[in-house]
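Colleague: Prediction below, plus the sequence it came from.
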Amino acid sequence: MSRIKFVNIWVNRCFRHDAAVKTRAPCFLLTGREYGEHSSVSEPDSTASRTRRPRAADIAARLRHEKEKQTAEVPVSPVQRRVSELKQFTQQLQSVHPNVFAKSLYRSILYQDQHLIAINKPYGVPVYNTGGIRNSIAESLPVLAKIINNMQGGSQLHICHSLGKDSTGVLLLAKTEEACERVQSQIKLHQMERKYMVVTVGVPVPSEGVIDIPIIEKEITGTQHHFKMGLSPLYRLTEEGDGLTRVRAHRQAHSAVTQYRVLDSSSGCSLVEVQPVTEVKHQLRVHMALALACPILGDHKYAYWNKLAPQKLPEGVLRRLGLEQSKTRYLPLHLHVRQIILPAVKGHCDLIVSCPLPKYFTTTLKRLQISLPEKP
């Protein structure tokens, strides 16, 4: 009997008594033409097919696809898109494997000699490990040291100074403890010169000067209990309001001195070069926000004194940035270490390390129509 006749007879037998097999599962035929020379007949397990549930991976993929589709359908402004990209970049640095993060730091090296290394610290990455943070500069140093020394063990790197989590720019690392101690000694003696670039909300008056006001950590009570660094002035107005009188210095206050110079201003904002003479926690942010009443753009911690809330920007600034007030919480801190100068050691010339501005920083300057700074 030929193959075609065999198939026809089998199908007739399978469906001849359809009244008696209404509840019977349908038959499936696999012909030899499709799956080899021999035909086979299989009947699926209806109970197993009914109890089979979708896998968690399938559900997650479907939800992710729906979320991406919804996100793609929502129109966003160019600035919101850039902020979203910056946010994704920060999350990416925290989600990658520590070895991959160390390789990215290696690619960001600005300067290297037998004693020191200067890297371009990325935005959103802390120098030291904190709770809930996967990657930090300190945690990546062992892997970074191996990469620099062609994967040879035994080498170490040391952090010479610190930067805030949301600050960017030049960060010095030492290859030996002696080199690290030498740099830290120069910092304590105010011999290392650091030039920061900041974008401020407002125009500082006067346009150039020195801020010499001690800083102290204060407790903020209320519904949002937290701690902030605040000013601890040595002088106050007289009762007549026509002069100053010196007050006793608080024993827990730290001496803080900052030099500043306005480079350009437009649209109610300014590009300011700032040089800290001393090393105090949040010194530049406190002096700009509380002493000059010109907070740094994206500084949501010192936007208000008695609460924690996103920075409120003037309407003109919002228009320039193409941003709504409800989206200002995504603005990054515009605080960048532009240049570091170390004094000459043992007959060598001064060490000068410069760092380019990050992309989000230059984009903000262009939108505010503020002139880009000259290369240092």
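Modeller: Alright, I've got the coordinates.

Colleague: Just the CA coordinates for the helix or strand where residue 138 lies, please, in PDB.
Modeller: Using DSSP states H and E, residue 138 sits in helix 137-148. Presented in PDB, the C-alpha positions along helix 137-148 are these (Å, rounded to 0.1, in the frame of the first residue of the first chain):
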ATOM      1  CA  ILE A 137      36.700  54.100  43.100                       C
ATOM      2  CA  ALA A 138      38.200  52.500  46.200                       C
ATOM      3  CA  GLU A 139      36.800  49.000  45.500                       C
ATOM      4  CA  SER A 140      38.100  49.000  42.000                       C
ATOM      5  CA  LEU A 141      41.700  49.900  42.800                       C
ATOM      6  CA  PRO A 142      43.000  46.400  43.100                       C
ATOM      7  CA  VAL A 143      41.800  45.500  39.600                       C
ATOM      8  CA  LEU A 144      42.900  48.800  38.200                       C
ATOM      9  CA  ALA A 145      46.400  48.300  39.600                       C
ATOM     10  CA  LYS A 146      46.600  44.900  37.900                       C
ATOM     11  CA  ILE A 147      45.500  46.400  34.600                       C
ATOM     12  CA  ILE A 148      48.100  49.200  34.800                       C
END
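
Colleague: Is residue 306 in a helix, a strand, or coil?
Modeller: coil (DSSP: H, G, I helix; E, B strand; the rest coil).

Colleague: Residue 175 reaches residue 144, doesn't it?
Modeller: No. Assessed by C-beta atoms under 8 Å, residue 175 is found out of contact with residue 144, at 11.1 Å. The way it works is simple: take the backbone N, C-alpha and C, and place the C-beta from them, glycine included.

Colleague: These two: which is more packed in?
Modeller: residue 144 (24 against 20; other C-beta atoms under 10 Å).

Colleague: Would you mind listing the residues in contact with that one?
Modeller: 102, 105, 106, 157 (C-beta atoms under 8 Å, 6 or more residues apart in numbering).

Colleague: List phi and psi for the first one.
Modeller: Looking back up the chat, that one is residue 102. Backbone torsions of residue 102, given as degrees, to the nearest 10, read phi -60, psi -40.

Colleague: My read is that it contacts residue 139, right?
Modeller: No. At 9.1 Å, residue 102 does not count as touching residue 139 under the criterion of C-beta under 8 Å.

Colleague: Which of these two has more residues huddled nearby?
Modeller: The neighbour comparison of residue 102 against residue 139 (other C-beta under 10 Å) goes to residue 102, with 22 against 16.

Colleague: Name the nearest residue to that one, ignoring sequence neighbours.
Modeller: Leaving aside its sequence neighbours, residue 102 sits nearest to residue 143 (C-beta to C-beta, 6 or more residues apart in numbering; 3.8 Å).

Colleague: repeat for residue 279
Modeller: Residue 279's closest residue in space is residue 187 (C-beta to C-beta, 6+ apart), at 6.0 Å.

Colleague: mind checking how far that neighbour is from residue 218?
Modeller: 25 Å (C-beta to C-beta, to the nearest Å).

Colleague: How much space separates residue 281 from residue 301?
Modeller: In terms of C-beta to C-beta, residue 281 sits 12 Å off from residue 301.
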